[in-house]
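Colleague: Sequence plus predicted model, see below.
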Amino acid sequence: MNSYAQRRSRPGYRPSGILRSADRTRSGGRGEVYPALKRYKNIDDDEVEHGEEEHDEGNKALLELLEVDEVGPEEWDEKLEELVPAVTHHADEEERTILNGARKNVAMERRQELGEAFMEERERQLKAGCDAVDIVRRIVSS
């Protein structure tokens, strides 16, 4: 058994990467960026909406993983196997389509404003100190 598998099999183990994903999810920055990008005529609204849908799917997969009681059982591994491709596919596609479109079509000043709004909201949410599972659950249900 490799060391990652050994660590995963310990009772109560939650990999720090998953908790960081929960933190990023719960920071809710998408709420500031995606709606703003829909206002630009040279950014494909269908791509933005598709990105929002994939973001929601990733949040649901993350919540399902976080709600598994024990790390190590088959259910936890299955949920992790569902989360990883959902997140990596979304990040890759978002980078290639939505964010590249924004780089080409949104003025640098506006991109900086959106980045600042994203970071401010993320910081506000992270400082709230709420349990990641509860926040991800709220995001998924909204």
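Modeller: That came in fine, so what should we check first? Residues are numbered from 1 along each chain as shown.

Colleague: in what helix or strand does residue 61 lie?
Modeller: Assigned by DSSP states H and E, residue 61 falls within helix 45-66.

Colleague: I'd like to check what contacts that helix. Which residues are they?
Modeller: Contacts with helix 45-66, where a contact means CB atoms under 8 Å, 6 or more residues apart in numbering, come from 18, 21-22, 25, 30, 34, 37-38, 76, 79-80, 82-83, 86-87, 89-90, 93-94, 97-98, 101, 132-133, 136-137, 139-140. To be clear about C-beta, it is placed using only N, CA and C from the backbone, and glycine gets the same treatment.

Colleague: Verify the stated contact: residue 135 with residue 141.
Modeller: No: Residue 135 lies out of contact with residue 141 (CB atoms under 8 Å); the separation is 10.9 Å.

Colleague: More neighbours: which of the two?
Modeller: residue 135 (20 against 7; other CB atoms under 10 Å).

Colleague: Three-state assignment for the more buried one, please.
Modeller: Under DSSP: H, G, I helix; E, B strand; the rest coil, residue 135 falls in the helix class.

Colleague: What of residue 39?
Modeller: Residue 39 is classified as coil under three-state DSSP.

Colleague: Compute the distance between it and residue 114, please.
Modeller: 11 Å (CB to CB, to the nearest Å).

Colleague: And the strand or helix carrying residue 84, what does it pack against?
Modeller: Assigned by DSSP H and E, residue 84 belongs to helix 74-94. The elements that helix 74-94 packs onto, with contact taken as 3 or more CB pairs under 8 Å, 6 or more residues apart in numbering; DSSP states H and E, are helix 16-26, helix 45-66.

Colleague: which of the ones you listed has the lowest average pLDDT?
Modeller: Among these, helix 16-26 carries the lowest mean pLDDT, a mean of 57.
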